[in-house]
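*Asks:* Pasting the sequence and the predicted model now:
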Amino acid sequence: MTGRVIFDDSYKSLITNLKSLSKGPSAAAWQTLPLYEGTHGEVIIKCIQNKVTKVDMNNVKPPEELLCAYDESILELKTLEGVLRCVTHCSILQNDKRFMPSGYVSLKYYTSSSKITDRIKLTDNIIHTNDLAKSMNEQYVQERALFLSEWAPRDSVIFIDGSLFSGHSTSGNFTLVRKLVEKNTLPIFFVKNSDSTIIRDNFEQAAGYHNDLHWAHSTLKQGELSPLFQYQSDDRVKVMGFLKVFENRSPIRIEFPGDAYVKGRYPKNIIEMIYFQYLANGYTQNIQPKIIQVAEMYAREILKSTNLYSEVEKLGLTKTMNEERSFT
């Protein structure tokens, strides 16, 4: 089995279309995907397993089940005329000997200027919008669902960086979950940083702490999983808990789609599978599962291999003042 990189059909055509604009220098900068806070509807949360679970170190070993992971890398070129955005989606499959990547590369141009769109034809990859952040997020969620529904392997567990409930991304996340679970690809979402106080504000055991991660860090020992909580907003449900990987590092919040978890579809040793991935990555400042880190590395390398830096200098876009300062 080998991996492959697929370029969106419109990748080259967008480069060609943008060359019709006036000449001028450009600059590029790495960006991270913006996360939107808050969800709509009443939130119901309850504790469904009120005990601390100790990781069984005898079962912490390389995965016997098929394991994969997803991450993305994003390059944005911010100019006076709009924003050029390239996203590389990457899925990593791990066996006992190697990692096998597959990637999907998309390129889109976002502008709120009618003067620009009057000069170049609107297509699926040239988007006129008055809300760039929302449009970018919608496109990202759609691309990710399309990519993973096709390339994430059947009958596997897939690790995904980020929260299942994520504001404007929530609906797309649950659409993705449904598509994955239909082919028995079971997703788990990982949250490294969070200011959430949903546990602190609703459970006496966590009262008085700064936030949920502070509570988990203060009460768990290394290799322990917190009580599990069911979080529901409208008809969307997740099961979440906090895992303390290392004594002097912040815990991780682990999230499972509620229906799949309650039906027992995950391997019985899933926590040990997760813990092994953290140990394999080592005691670093950036605590994350090894397989997600590898997916992130491949996504960045795929993005670099597009040679987009040299292409954007030829497009004739005028960089913003901040971009001017950062590249002079």
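*Replies:* That came through, no problem.

*Asks:* Going along the chain, name the strands of the stretch 151-300 of the chain.
*Replies:* For the stretch 151-300 of the chain, the strands defined by DSSP state E, counting those that start in this stretch cover 156-161, 185-191, 224-225, 228-233, 236-244, 252-257.

*Asks:* for this structure, which helix is longest?
*Replies:* Longest helix in the chain, counting residues (DSSP state H): helix 132-151.

*Asks:* What lies in contact with that helix?
*Replies:* Applying CB atoms under 8 Å, 6 or more residues apart in numbering, the external contacts of helix 132-151 come out as 33-34, 36, 70, 72, 83, 85, 87, 89, 91, 102, 104, 106, 108, 110, 112, 127, 129, 158, 168-169, 172-173, 175-176, 179-180, 183, 185. Yep, even glycine has a C-beta here, placed from its N, CA and C like the rest.

*Asks:* give me the low-pLDDT residue ranges for the protein?
*Replies:* Along the chain, the parts satisfying pLDDT under 70 run over 1-41, 96, 117, 120-123, 309-328.

*Asks:* what about the residue positioned nearest the centre of it, distance to Ser106?
*Replies:* The centre of the chain sits closest to Asp161, judged by CA atoms, centre = their mean, with a distance of 4.2 Å. Separation of Asp161 from Ser106 (CB to CB, to the nearest Å): 18 Å.

*Asks:* With distance to Asp212 as extra columns, can I get the strands of the stretch 151-300 of the chain in CSV?
*Replies:* Listed next are the strands of the stretch 151-300 of the chain as CSV, based on distance: least, CB to CB, whole Å:
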stretch, distance to Asp212
strand 156-161, 18
strand 185-191, 10
strand 224-225, 14
strand 228-233, 9
strand 236-244, 7
strand 252-257, 7
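
*Asks:* do you know which of those strands lies nearest Tyr209?
*Replies:* With CB to CB as the criterion, Tyr209 lies closest to strand 236-244 of the strands of the stretch 151-300 of the chain, at 11.9 Å.

*Asks:* which strands and helices sit next to the closest one?
*Replies:* helix 212-219, strand 224-225, strand 228-233, strand 252-257, helix 258-262, helix 270-281 (3 or more CB pairs under 8 Å, 6 or more residues apart in numbering; DSSP states H and E).

*Asks:* Of the ones you listed, which is nearest Pro289?
*Replies:* Between those, helix 270-281 lies closest to Pro289; by CB to CB that is 3.5 Å.

*Asks:* which residues touch the closest one?
*Replies:* 53, 55-56, 59-63, 65, 67, 157, 159, 188, 223, 225, 243, 245, 252, 254, 267, 287-293.

*Asks:* Please, a PyMOL command that selects the buried ones among these?
*Replies:* Buried residues among those (16 or more other CB atoms under 10 Å), as a PyMOL selection:
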select buried, resi 55+60+63+67+157+159+188+223+225+243+245+252+254+287+288+289+290+291+292+293
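
*Asks:* Show me just the buried residues among the contacts of helix 132-151.
*Replies:* 33, 70, 72, 83, 85, 87, 89, 91, 102, 104, 106, 108, 110, 112, 127, 158, 168-169, 172-173, 176, 179-180, 185.

*Asks:* circling back: show me the contacts of helix 132-151 that map onto helices.
*Replies:* 172-173, 175-176, 179-180.

*Asks:* Now do the contacts for Asn173.
*Replies:* 141, 164-166, 189.

*Asks:* And it, how far from Ile74?
*Replies:* 17 Å.

*Asks:* Likewise for Ser166?
*Replies:* Taking CB to CB, one finds Ser166 at 15 Å from Ile74.

*Asks:* Just the CA atoms of stretch 194-207, as PDB, please.
*Replies:* C-alpha atoms of stretch 194-207 as PDB (Å, rounded to 0.1, in the frame of the first residue of the first chain):
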ATOM      1  CA  SER A 194      -9.100  25.000  26.000                       C
ATOM      2  CA  ASP A 195     -10.500  27.600  28.300                       C
ATOM      3  CA  SER A 196     -13.800  25.700  28.700                       C
ATOM      4  CA  THR A 197     -15.400  25.800  32.200                       C
ATOM      5  CA  ILE A 198     -18.400  23.500  31.400                       C
ATOM      6  CA  ILE A 199     -17.200  20.900  34.000                       C
ATOM      7  CA  ARG A 200     -16.200  23.400  36.600                       C
ATOM      8  CA  ASP A 201     -19.600  25.200  36.300                       C
ATOM      9  CA  ASN A 202     -21.800  22.100  36.500                       C
ATOM     10  CA  PHE A 203     -20.100  19.700  38.800                       C
ATOM     11  CA  GLU A 204     -19.200  20.300  42.500                       C
ATOM     12  CA  GLN A 205     -16.000  18.100  42.200                       C
ATOM     13  CA  ALA A 206     -14.500  20.700  39.800                       C
ATOM     14  CA  ALA A 207     -15.800  23.900  41.600                       C
END
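
*Asks:* List the buried residues for that stretch?
*Replies:* So for stretch 194-207, counting by 16+ other CB under 10 Å, buried means 196-200, 203, 206.

*Asks:* repeat for stretch 210-217
*Replies:* 211-217.

*Asks:* of all these, which comes closest to Val43?
*Replies:* Asp212 (13.8 Å).

*Asks:* Name the nearest residue to that closest one, sequence neighbours excluded.
*Replies:* Closest residue to Asp212 apart from its sequence neighbours, by CB to CB, 6 or more residues apart in numbering: Ile199 at 4.3 Å.
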